[in-house]
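What follows is a predicted structure for the sequence shown.
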Amino acid sequence: MAAVVVAAARGLTKRYAPDVTALDDVDLAVGAGEFVAVLGPSGAGKTTLFRCLTGLTRPDRGTVRVDGHDVWSGPRELRQARRAVALIFQQFNLIRRLTALENVLVGRLAHVPTWRVVLRRFTRADRQLALRCLDTVGLLDKAAVRADQLSGGQQQRVAIARALAQNAKLILADEPVASLDPESSATVLQSLRSAVGAGVAVVASLHQVHLARAYADRIVALRDGRVVEDAATARLDVRAIEQIYERSGA
């Protein structure tokens, strides 16, 4: 049985100037429990694709649906779509003075009254959920440690746990391991695989072909705003992907 499609983009085109095309008729569909790696040199269109998927950038042409909601059909649909999406960035974006557990609980913002987040007055059920999410990424023993006392890889895993606590259907990870050492990169990507195991769809932009091959179910390659490869990892033409980077000088 085919997986439920969590996010789908059709015919996305975005131009920033008459001679600058960031996306050119891009199609992408991601199913629940699927890990898709998006590869491509700098300027290929990866960040613009992510911004279109989250409703931060409006495409000139094309459609985006997330969790059944048409992102551009109106403010209500956009809000509902955004509730289903969690973003993970290269810079971690944690509140440094809060503990790992408190940072994960911030992911409950869309589900609880704002005053509970501000005063850090969460229910027992929310705290148990946050602890389970930390356990999923292997950081249960760091629950009481401040974010600024964690390593870069641990902070990124806390960000993944926060996304899980949000009950996101789709995690978009924009170069989540770009600033990490190889060991930490592997641990972070394994944590994203754990999210996939929980039925979440993951789309991660990466530069490292070997990491994409090791962790992703499918690889989508962009060049000059176009999809030039979209294949299951096992059927990927690795040499074709490597040539994309060689031609760009990246």
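Arrived safely, thanks for sending. Just so you know, these numbers come straight off a predicted model, no measurement behind them.

following the longest helix anywhere in the chain, which helix or strand comes up?
Longest helix in the chain by number of residues (criterion: DSSP state H): helix 182-197. Where DSSP states H and E defines the elements, the next helix or strand beyond helix 182-197 is strand 201-206.

which other residues reach the longest helix of the chain?
Contacts of helix 182-197 with the rest of the structure, by C-beta atoms under 8 Å, 6 or more residues apart in numbering, involve 33-35, 136-138, 151-153, 156-157, 160-161, 163-164, 171, 173, 176-177, 180, 202, 204, 208, 211, 214-215, 217. Yep, even glycine has a C-beta here, placed from its N, CA and C like the rest.

again, only this time at 7 Å
With contact meaning C-beta atoms under 7 Å, 6 or more residues apart in numbering, helix 182-197 is reached by 33-35, 136-138, 151-153, 156-157, 160, 164, 171, 173, 176-177, 180, 202, 204, 211, 215.

Among those, which lie within helices?
Reading helices off these with DSSP H, I get T136, G152, G153, Q156, R157, I160, L164, L211, Y215.

Could you check this protein and say which of its helices or strands has the lowest average pLDDT?
Lowest by mean pLDDT, DSSP states H and E among the helices and strands of the chain is helix 114-119, with a mean of 61.

Spatially central residue for this protein, please.
Geometric centre of the chain, nearest residue: L172, 1.6 Å, by C-alpha atoms, centre = their mean.

thinking again about what came up before, of the contacts of helix 182-197, grab the buried ones for ChimeraX.
Selection of buried members from the contacts of helix 182-197 for ChimeraX, criterion 16 or more other C-beta atoms under 10 Å:
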select :33,34,35,136,137,152,153,156,157,160,164,171,173,176,177,180,202,204,211,215
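
ok, L101 touching D141?
No - when contacts are counted by C-beta atoms under 7 Å, L101 is not listed as touching D141 (11.3 Å).

Between the two, point out the one with more neighbours.
L101 (23 against 10; other C-beta atoms under 10 Å).

what helices or strands is the helix or strand harbouring that one leaning on?
Secondary structure assignment for L101, by DSSP H and E: helix 100-105. Judged by 3 or more C-beta pairs under 7 Å, 6 or more residues apart in numbering; DSSP states H and E, the packing partners of helix 100-105 are helix 124-136, helix 152-165.

where does that helix sit relative to the chain's centre, distance-wise?
How far helix 100-105 lies from its chain's middle: 19 Å, per C-alpha atoms, centre = their mean, to the nearest Å.

Report the mean per-residue pLDDT for that helix.
Average pLDDT, helix 100-105: 94.

Same question for stretch 213-220.
Averaging pLDDT along stretch 213-220 yields 95.

Now do the buried residues in it.
In stretch 213-220, counting by 16+ other C-beta under 10 Å, buried: R213, Y215, A216, D217, R218, I219, V220.

so where is the protein shaky, pLDDT-wise?
Along the chain, segments meeting pLDDT under 70 span 1-2, 110-121, 246-250.

In contact with the closest residue to L98 other than its chain neighbours, which residues?
Using C-beta to C-beta, 6 or more residues apart in numbering and skipping residues adjacent in sequence, the residue nearest L98 is A147, 6.0 Å away. Going by C-beta under 7 Å, 6+ apart, A147 touches L94, I95, R96, L98, A100, N103, Q155, V158.

how near is the second one to G152?
Spelled out, it's I95. Remark: distance between I95 and G152 (C-beta to C-beta, to the nearest Å) = 16 Å.

Likewise for T136?
Per C-beta to C-beta, T136 is found 19 Å from G152.

Show me how the chain divides into domains.
1-84+169-250, 94-167 (automatic domain parsing).
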